[in-house]
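Participant: Curious how this folds, go ahead:
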Amino acid sequence: MAQLQELKRKFVQQFGSNEEIIKIFQAPGRVNLIGEHTDYNGGSVFPAALTFGTTLLIAPRDDRKLGFASTNFPLTKETSIDNVTFSEEDDWANYPKGIVWELAQRDIYLSQGYNLLFHGEIPNGAGLSSSASIEVVTAYALLVMEGKPTDTVQIALWSQHAENEFIGVKSGIMDQFAVANGRKDHAILLDCDTLKYELVPFQSGVYKLVIGNTNKRRRLVDSKYNERRSQCEQAVQDLKQAFPELTLLGQLTLEQYRANEHLIKDETVRRRARHVVEEIHRVSLSMEVLKHNDLAAFGLLMNASHDSLRDLYEVTGIELDTMVDAARSVPGVLGSRMTGAGFGGCTVSLVHQDSVERFIADVGSKYEAATGLHPDFYVCNIGDGVRELKGEV
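Facilitator: I've put the predicted structure just below:
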């Protein structure tokens, strides 16, 4: 409450608006519990929304301009709603601009200008979906302001398309979907090919989800992310010899893949594909063990996921591997893995509540000694997806 009042003051200071007309929206970050680099391959993922994310304050203005500001970055931007284009120098503001562009692609044109102030609680570049959080909260808020329907599945798809086409990152649907459709104390089992999803109660009991931020910054646009995507597409082309209708690796069962893996000519491409198909299978196994509340078995699947991302998909790196190795050495840890796209970012660990303090101390000191980087840790709860804050204000 106090923080929201302070944000309102900052909004008025920045834009000179009347406090009474400011509306406030919030979208969470997300953590993926298992199923990494499967989303753009049409496989299953198992993300959950977090209780912290991006808060957006928005108010109409009486011209056809958009004003963007953030409490996290000094850059401010003003642009016409009739001429929205990507510009490298606009940095973070390209994400909300991309949503305005995307809505126009869908024949949803803004009737007036708006001022937008963003306040992010997600560490930038940590791999907890700060960009998806900005996109989804912007889309939801603008649709509400314009009196349009707010279909959260549609919002997720539009936000992903904006990131793919306006920003230039060929991300899958998982991040935006989890941010838009999360629910408190539930994770989302999502089939990224069909967008069928199920909210699965995630009751971890005496175990806590602890996110470890390596503070090794990662930028997807500049990383190997798009390269991994093209390698998966190459694997599909090779496997068409056996499956002419195949369009995504996620359409194969593990047995089908293993029987035809030899058709993939390039050994590196073969390893990438093997990770994807085996990881999708691990998501399926996870659902089975969680039905029986077997958290120990789920922890082992988390470990196997990280090892595959390290050895087959090669997206971990020294920082993530160091943190995961340190985490697994702490008594009371059931499992630990990288979460997100990799190349830096965060780990997620399942830690007994009695071991959390020791975990943070031990992992923190070992990691800093090995890398020279100071990590941050978040003992996290699972929260709701995008929404307007009304009663809270």
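
Participant: helices or strands next to the helix or strand harbouring residue 3 in the packing?
Facilitator: Per DSSP states H and E, residue 3 falls inside helix 2-15. Secondary-structure packing of helix 2-15 (3 or more Cβ pairs under 8 Å, 6 or more residues apart in numbering; DSSP states H and E): strand 47-61, strand 65-70, strand 113-120. Every C-beta, even on glycine, is put in place using the N, C-alpha and C of the backbone.

Participant: That one: which residues count as buried?
Facilitator: Residues 4, 7, 8, 11, 12, 14, 15 are the ones in helix 2-15 that count as buried (16 or more other Cβ atoms under 10 Å).

Participant: Name whatever forms a beta bridge with the nearest residue to the last one once chain neighbours are set aside.
Facilitator: This points to residue 15. Of all residues not flanking residue 15 in the chain, residue 115 sits nearest, at 4.2 Å (Cβ to Cβ, 6 or more residues apart in numbering). Beta bridges link residue 115 to residue 59, residue 67, judged by DSSP bridges.

Participant: Number of residues surrounding residue 115?
Facilitator: As a burial measure, residue 115 scores 21 neighbours (other Cβ atoms under 10 Å).

Participant: what sits against it?
Facilitator: 11, 14, 15, 17, 58, 59, 61, 66, 67, 69 (Cβ atoms under 8 Å, 6 or more residues apart in numbering).

Participant: Could you do residue 155 as well?
Facilitator: 136, 139, 140, 143, 176, 180, 386 are the contacts of residue 155 under Cβ under 8 Å, 6+ apart.

Participant: now residue 62
Facilitator: Residue 62 touches 112, 113, counting by Cβ under 8 Å, 6+ apart.

Participant: Quick check: phi and psi at it.
Facilitator: phi -100, psi 30 (degrees, to the nearest 10).

Participant: picking that back up, looking at the helices and strands packed on helix 2-15, spot the one closest to residue 170.
Facilitator: For residue 170, the closest of the helices and strands packed on helix 2-15 is strand 47-61, at 18.3 Å, according to Cβ to Cβ.

Participant: So what angle separates the directions of the closest one and strand 65-70?
Facilitator: 130 degrees (axes from the mean of the first three to the mean of the last three Cα atoms, to 10 degrees).

Participant: residue ranges for the strands of the stretch 251-393 of the chain, please.
Facilitator: Secondary structure of the stretch 251-393 of the chain by DSSP state E, counting those that start in this stretch: the strands cover 333-339, 346-352, 376-380, 387-389.

Participant: Oops, could you answer that again for the stretch 101-250 of the chain instead?
Facilitator: 113-120, 186-191, 197-201, 207-213.

Participant: relative orientation of the first one and helix 2-15 in degrees?
Facilitator: Spelled out, that is strand 113-120. 140 degrees.

Participant: For burial, what's the neighbour tally of residue 294?
Facilitator: 13.

Participant: where does it fall, phi/psi-wise?
Facilitator: phi -90, psi 80.

Participant: Can you check the pLDDT for it?
Facilitator: In the prediction, the pLDDT value recorded for residue 294 is 93.

Participant: and what of the one 10 residues further on?
Facilitator: pLDDT, residue 304: 98.

Participant: for residue 168, same thing?
Facilitator: 89.

Participant: repeat for residue 199
Facilitator: Residue 199 is given a pLDDT of 94.

Participant: ok, it - contacts?
Facilitator: 183, 186, 187, 188.

Participant: Quick check: the two most widely separated of the residues you listed?
Facilitator: 183 and 187 (9.0 Å).

Participant: Show me where the chain has its helices.
Facilitator: 2-15, 94-105, 130-145, 152-162, 174-181, 225-239, 254-260, 267-291, 295-311, 318-328, 356-371 (DSSP state H).

Participant: quick one, which of these is packed in tightest?
Facilitator: Of the helices of the chain, the one with the most neighbours on average (mean count of other Cβ atoms under 10 Å) is helix 174-181, at a mean of 30.

Participant: Just the residues contacting that helix, thanks.
Facilitator: By Cβ under 8 Å, 6+ apart, helix 174-181 touches 27-30, 32, 35, 39, 45, 47-49, 53, 129, 131-133, 135-136, 140, 152-153, 155-157, 159-160, 163, 188, 190, 192, 195, 197, 385-386.

Participant: same check, this time on stretch 158-168
Facilitator: Counting by Cβ under 8 Å, 6+ apart, 86, 94-95, 97-99, 101-103, 105-106, 131-132, 135-136, 139, 169-173, 175-177, 179-180, 221 sit against stretch 158-168.

Participant: One more: stretch 289-299?
Facilitator: By Cβ under 8 Å, 6+ apart, stretch 289-299 touches 34, 200, 202-205, 207, 286, 301, 333-335, 350.

Participant: again, only this time at 10 Å
Facilitator: 33-34, 46, 187, 189, 200-207, 282, 285-288, 300-301, 328, 333-337, 349-352 (Cβ atoms under 10 Å, 6 or more residues apart in numbering).

Participant: Could you tell me how far it lies from the centre of the chain?
Facilitator: Centroid separation for stretch 289-299 versus its chain: 23 Å, with Cα atoms, centre = their mean, to the nearest Å.

Participant: a markdown table for the buried residues of helix 2-15, including distance to residue 361?
Facilitator: As requested, the buried residues of helix 2-15 are arranged in a markdown table below (distance: Cβ to Cβ, whole Å):
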| residue | distance to residue 361 |
| --- | --- |
| 4 | 33 |
| 7 | 33 |
| 8 | 38 |
| 11 | 39 |
| 12 | 42 |
| 14 | 40 |
| 15 | 44 |
